[in-house]
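Colleague: with the input below, show me the fold.
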Amino acid sequence: MGRVVKVGARNLLTDVPGLKVGQASDPVLKSGCTVVVGDAPFVASCHVMGGAPGTRETDLLAPDKSVQAVDAIVLSGGSAFGLDACSGVAAALREAGRGFAVGSARVPVVPGAILFDLLNGGDKGWGVNPYGALGRAAFAAASQDFALGSVGAGTGALAARQKGGLGSASFVLEQGVTVGALVAANPVGSVTTPGDRHFWAAPFEVGDEFGGLGPDPRGGLAEIGESRKMLAARGGGNTTLCIVATDARLTKAQCHRLSVAAHDGIARAVVPAHTPHDGDIVFALSTGGVEVDDSTVLRIGAAAAHCVARSIARAVFLARPAEGDLLPTWRQENGV
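Modeller: Numbering: from 1, shown residues only. Next up is the predicted model:
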């Protein structure tokens with residue numbers, strides 16, 4: 001991959017210049033949403049590898065489609081209902097005078113994706129879909145600093161054997177390029193090895209960002225049956241949602257290749273990954289500040305995959321307990 005100089009100053013997606021992240025959470029609903037917004041529209045694409053995705057406006061992110069920049073990307077809980085968070089963000093962007101100009105009209109372009117958290121113990125008996133308001137609130141809260149764990153789109157997330165959550169991580173490469181990832185981890189598969197102590201992503205950990213326990217020293221860890229024990233209670237609904245970003249100047253086609261490469265990070269951190277019951281998706285975006293050559297584009301993809309793996313582990317490591325939880329947190333399981 002080339003030598004990684006350091007983790008970014010915040011170890012967050014917002015180490016990429018020009019980006020902010022906003023979040024809104026409802027502890028009674030046990031759900032929420034997260035929005036990534038730029039100081040200016042950014043180039044973006046995506047790639048889906050899960051078998052059960054829930055998305056909005058992702059077709060236009062294909063390299064051959066006419067839209068060349070988007071205004072925000074939204075990750076949300078709520079299954080199909082959560083797509084309304086994108087509408088809330090779009091409305092707020094329009095009120096701020098942002099969006100694609102069509103004559104005198106402004107149309108914000110806000111792709112998004114959702115995870116399934118409808119059976120996580122939260123009160124889902126709403127009269128009016130709450131996700132539009134959550135999207136507006138997340139946009140209003142956008143900042144370079146944001147919380148991780150049981151917050152935003154990760155508020156009600158569940159992994160196979162413990163609570164999931166929201167995670168983020170970054171790298172600064174020796175070429176002067178910053179790469180970051182943001183993940184809402186709610187997978188079918190397990191983020192920890194059998195015994196629930198060691199993270200599958202441990203070989204990619206930097207310092208002690210998710211406990212510093214190192215890889216599981218045991219061999220023969222290929223079993224996958226135990227990670228199914230909560231599937232029935234959860235209704236089979238899952239998904240890992242990812243956004244990776246860089247300040248390298250990438251084309252839409254290069255962003256698509258970046259999204260493909262970054263999926264490796266899900267496979268490094270979740271076993272099994274990309275299942276028929278997951279909606280695994282990676283959005284990739286470029287704020288376009290740094291010119292790069294082809295060899296650096298390759299390194300950006302490798303770094304993004306590492307950041308995704310680290311983000312998934314951080315999401316579970318930083319999850320917090322709440323009343324009515326169906327699963328324990330990693331910290332509860334391990335007495336931390």
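Colleague: can you tell me the helix or strand for the most centrally placed residue in the chain?
Modeller: Centroid check for the chain by C-alpha atoms, centre = their mean gives Val183 as the closest residue, at 2.2 Å. Val183 belongs to strand 178-186 when assigned by DSSP states H and E.
Colleague: helices or strands next to that strand in the packing?
Modeller: Helices and strands touching strand 178-186, by 3 or more C-beta pairs under 8 Å, 6 or more residues apart in numbering; DSSP states H and E, are strand 31-48, strand 165-173, strand 239-248, helix 294-317. Bear in mind the C-beta positions are built from the backbone N, C-alpha and C, glycine included.
Colleague: next, count neighbours for the residue nearest to the residue nearest to the centre of the chain when sequence neighbours are not counted.
Modeller: Closest residue to Val183 apart from its sequence neighbours, by C-beta to C-beta, 6 or more residues apart in numbering: Ser311 at 4.0 Å. The burial count assigned to Ser311 is 34, neighbours taken as other C-beta atoms under 10 Å.
Colleague: residues contacting Ser311?
Modeller: Gly167, Ser168, Ala169, Ala181, Leu182, Val183, Ala185, Cys242, Gly265 (C-beta atoms under 8 Å, 6 or more residues apart in numbering).
Colleague: which residues does the fourth one bridge with?
Modeller: In other words, Ala181. For Ala181, the beta-bridge partners under DSSP bridges are Ala169, Val244.
Colleague: for burial, what's the neighbour tally of it?
Modeller: If we define neighbours as other C-beta under 10 Å, then Ala181 has 31 of them.
Colleague: is it true that Ser91 touches Arg136?
Modeller: Careful, residue 91 is Ala; it's not Ser. Yes - between Ala91 and Arg136 there is a contact under C-beta atoms under 8 Å: 6.7 Å.
Colleague: helices of this structure, start to end?
Modeller: Counting by DSSP state H, the segments of the chain that form helices are 84-95, 131-140, 231-234, 252-269, 294-317, 330-333.
Colleague: which strands and helices sit next to the first one?
Modeller: The reference is to helix 84-95. strand 31-48, strand 70-76, strand 112-114, helix 131-140.
Colleague: looking at the ones you listed, which is nearest to Gly219?
Modeller: Checking the helices and strands packed on helix 84-95 against Gly219 by C-beta to C-beta gives strand 31-48 as the closest, at 32.4 Å.
Colleague: picking that back up, contacts only, for the residue nearest to the centre of the chain.
Modeller: Listed by C-beta under 8 Å, 6+ apart, the contact partners of Val183 are Leu166, Gly167, Ser168, Thr240, Leu241, Cys242, Ile243, Val308, Ser311, Ile312, Ala315.
Colleague: kindly recompute the last result at 6 Å.
Modeller: Each residue near Val183 by C-beta atoms under 6 Å, 6 or more residues apart in numbering is listed here: Gly167, Cys242, Ser311, Ile312, Ala315.
Colleague: returning to that earlier point: and the helices and strands packed on strand 178-186 as CSV, adding distance to Leu60 and mean pLDDT?
Modeller: Formatted as CSV, those follow (distance: least, C-beta to C-beta, whole Å; pLDDT from 0 to 100):
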stretch, distance to Leu60, mean pLDDT
strand 31-48, 10, 97
strand 165-173, 25, 97
strand 239-248, 16, 97
helix 294-317, 22, 96
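Colleague: in this structure Cys86 contacts Ser76, no?
Modeller: No - using C-beta atoms under 6 Å, Cys86 and Ser76 do not qualify as a contacting pair, with a distance of 7.6 Å.
Colleague: quick one, which of the two is more surrounded?
Modeller: Ser76 (34 against 29).
Colleague: residues contacting the more buried one?
Modeller: By C-beta under 6 Å, 6+ apart, the contact set of Ser76 is Cys33, Gly82, Ala85, Ile114, Ala153.
Colleague: again, only using 8 Å
Modeller: For Ser76, the contact set (C-beta under 8 Å, 6+ apart) comprises 31-34, 82-83, 85-86, 112-115, 131, 134-135, 153.
Colleague: by mean pLDDT, flag the weakest helix or strand of the chain.
Modeller: Between all helices and strands in the chain, the lowest mean by mean pLDDT, DSSP states H and E belongs to helix 231-234, at a mean of 46.
Colleague: that older thread, ok, which of the helices and strands packed on strand 178-186 comes nearest Glu205?
Modeller: Using C-beta to C-beta, the helices and strands packed on strand 178-186 put helix 294-317 closest to Glu205, at 6.5 Å.
Colleague: just the CA trace of that closest one, in CSV.
Modeller: Below are the C-alpha coordinates for helix 294-317, written out as CSV (Å, rounded to 0.1, in the frame of the first residue of the first chain):
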residue,chain,number,x,y,z
ASP,A,294,-2.6,6.3,-10.8
SER,A,295,-0.3,4.6,-8.3
THR,A,296,-1.7,6.9,-5.6
VAL,A,297,-5.2,6.0,-6.6
LEU,A,298,-4.3,2.4,-5.9
ARG,A,299,-3.0,3.2,-2.5
ILE,A,300,-6.1,5.2,-1.7
GLY,A,301,-8.3,2.2,-2.3
ALA,A,302,-6.1,0.0,0.0
ALA,A,303,-6.1,2.6,2.7
ALA,A,304,-9.9,3.0,2.4
ALA,A,305,-10.4,-0.7,3.0
HIS,A,306,-8.3,-0.6,6.1
CYS,A,307,-10.3,2.5,7.4
VAL,A,308,-13.5,0.6,6.8
ALA,A,309,-12.3,-2.4,8.8
ARG,A,310,-11.1,-0.2,11.6
SER,A,311,-14.4,1.8,11.6
ILE,A,312,-16.5,-1.3,12.0
ALA,A,313,-14.5,-2.5,15.0
ARG,A,314,-14.6,1.0,16.5
ALA,A,315,-18.4,1.1,16.1
VAL,A,316,-18.8,-2.1,18.2
PHE,A,317,-16.1,-1.2,20.7
